[in-house]
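Student: Have a look at this fold, sequence not included:
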């Protein structure tokens with residue numbers, strides 16, 4: 001590590017604290033909504049409301065932002081949300097002192113190394129080119145419009161068997177992006193650099209363009225884990241010029257998104273094991289007749305004919321007996337619109353018991369549940385399974401069970 005580099009550690013959700021920051025760093029923290037930074041005087045700034053986790057480097061200053069949740073737990077949640085079937089806690093041996101970027105880089109390094117050992121895939125790519133000789137087939141329309149009847153150069157279309165296919169472009173682009181990011185130790189960088197040599201001739205993804213989507217087949221299914229990780233790396237990292245020769249590089253993630261993705265994927269899996277189906281981020285429904293107030297609940301559980309439950313995940317910590325009122329109002333709007341008697345809010349931390357709010361004037365109850373993120377992966381998944389059972393047991397009218405009659409909501413503390 002560069003000894004001249006100024007190092008600083010911040011912690012997600014920590015109380016306001018004064019730090020020494022360059023003007024460029026302070027400005028970037030505010031601009032990228034990483035934290036709220038207010039001037040004190042000179043290079044002293046008060047940093048509060050730290051919202052993102054990861055690492056950012058500008059010039060000679062580097063900031064590591066650590067999550068409240070242990071990195072190993074956080075990485076499991078990310079893995080599970082990406083694709084539950086393929087990820088297991090024991091696949092990657094984690095150093096408890098490692099930061100999230102290093103863990104991500106090691107995991108990606110392992111996946112790409114496996115691919116290289118078994119051989120990288122090749123495929124046919126179609127090229128349009130002007131050549132001094134015929135190859136493939138002649139593009140007659142292009143030849144007439146561009147060459148005015150001349151025989152050469154020939155406007156041709158041909159197929160080539162190559163390693164320059166979208167799957168390999170994703171991997172090599174993520175490898176090169178990681179090499180530009182801060183804080184990776186020399187051993188990891190050496191491994192990444194060595195892997196890039198296996199993808200010579202493969203073009204890099206152009207920043208700003210949409211990432212490709214993939215349909216996995218027998219040929220490319222072994223790429224799936226590596227591609228999913230490469231998407232996380234490319235979507236959440238950036239390298240840009242701040243001013244003049246000053247470069248900013250960062251790998252940053254929103255904890256609320258990681259929590260929401262994990263909760264909705266894990267609950268959807270649990271619902272599938274019981275009955276019905278679950279839809280994430282359901283769109284196309286409005287609260288008003290004019291179609292201006294769009295609704296987009298995090299998770300909707302469907303029975304055979306109608307919606308049975310609405311769930312919203314909220315990454316907000318509350319040590320008191322109260323949850324934010326705005327969340328209750330939002331859930332009430334969902335319940336009223338969909339004609340449901342109960343809605344469910346899932347928080348990252350809160351009172352041990354389930355809190356239930358009976359709304360005056362409506363036969364609606366909003367239930368607030370809390371998830372203990374300090375639990376090991378098996379404990380987290382157990383909590384999700386228990387929550388799904390509680391939601392099903394809260395009186396879903398369409399649930400296909402031996403007694404489909406409405407039941408009085410009942411809750412216990414299991415899994416909350």
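Tutor: In hand now; what should we look at? Remember, predicted model here, so these are calculated numbers, not experimental data.
Student: what residue ranges in the stretch 251-400 of the chain score low on pLDDT?
Tutor: For the stretch 251-400 of the chain, the stretches with pLDDT under 70 are 317-322, 350-352, 395-400.
Student: In it, mark out all the helices, start to finish.
Tutor: Counting by DSSP state H, counting those that start in this stretch, the stretch 251-400 of the chain has helices at residues 255-274, 325-338, 377-392.
Student: Enumerate the positions of the longest one that are buried.
Tutor: The reference is to helix 255-274. By 16 or more other Cβ atoms under 10 Å, the buried positions in helix 255-274 come out as 255, 258-271, 274. (C-beta placed from N, C-alpha, C; glycine too.)
Student: That one versus helix 377-392: what angle between them?
Tutor: Helix 255-274 runs at 70 degrees relative to helix 377-392, counting by axes from the mean of the first three to the mean of the last three Cα atoms, to 10 degrees.
Student: same for helix 255-274, what does it pack against?
Tutor: Applying 3 or more Cβ pairs under 8 Å, 6 or more residues apart in numbering; DSSP states H and E, we find helix 255-274 packed against helix 71-82, strand 277-280, strand 299-302, strand 307-317, strand 342-349, helix 377-392.
Student: what do you get for the shortest one?
Tutor: Using 3+ Cβ pairs under 8 Å, 6+ apart, the elements in contact with helix 325-338 are strand 294-295, strand 307-317, strand 342-349, strand 365-370.
Student: helices and strands around the last one, which ones?
Tutor: Same thing as strand 365-370. helix 325-338, strand 342-349, strand 355-358.
Student: Residue 295 is nearest to which of those?
Tutor: Distance to residue 295, taken as Cβ to Cβ, is lowest for helix 325-338 among the helices and strands packed on strand 365-370, at 6.1 Å.
Student: Between the helices and strands packed on helix 325-338, which one is closest to residue 166.
Tutor: Of all the helices and strands packed on helix 325-338, it is strand 307-317 that lies closest to residue 166, at 31.8 Å by Cβ to Cβ.
Student: Given the closest one, what are its sheet partners and their directions?
Tutor: Strand 307-317 pairs in its sheet with strand 299-302 (antiparallel), strand 342-349 (parallel), by DSSP bridges.
Student: Now do the contacts for the most centrally placed residue in the chain.
Tutor: The centroid of the chain falls nearest to residue 258 when counting by Cα atoms, centre = their mean (5.7 Å). Applying Cβ atoms under 8 Å, 6 or more residues apart in numbering to residue 258 gives the contacts 74, 77-78, 81, 315.
Student: So residue 167 lies in a strand, does it not?
Tutor: No. According to DSSP: H, G, I helix; E, B strand; the rest coil, residue 167 belongs to no strand; its state is helix.
Student: okay but it is in contact with residue 222, surely?
Tutor: No. Here residue 167 lies out of contact with residue 222, judged by Cβ atoms under 8 Å, at a distance of 9.9 Å.
Student: how does the protein divide up, domain by domain?
Tutor: The chain breaks down by the TED database into domains covering 6-69, 123-162, 274-401.
Student: gap between the two ends of the second one?
Tutor: Right, the one you point to is domain 123-162. End-to-end distance for domain 123-162, by Cα to Cα, to the nearest Å: 6 Å.
Student: Show the average pLDDT along it.
Tutor: Averaging pLDDT along domain 123-162 yields 83.
Student: rewinding a little: so between residue 167 and residue 222, which is more surrounded?
Tutor: Ranked by neighbour count (other Cβ atoms under 10 Å), residue 167 and residue 222 place residue 167 first, with 24 against 16.
Student: show me the contacts for the residue nearest to the more buried one when sequence neighbours are not counted.
Tutor: The shortest distance from residue 167 to any non-neighbouring residue, by Cβ to Cβ, 6 or more residues apart in numbering, is to residue 223 (5.0 Å). Neighbour list for residue 223: 115, 121, 167, 171, 214, 216 [criterion: Cβ under 8 Å, 6+ apart].
Student: Which secondary structure element is home to the last one?
Tutor: Here residue 216 is covered by no helix or strand, with elements defined by DSSP states H and E.
Student: Thanks a lot, catch you later.
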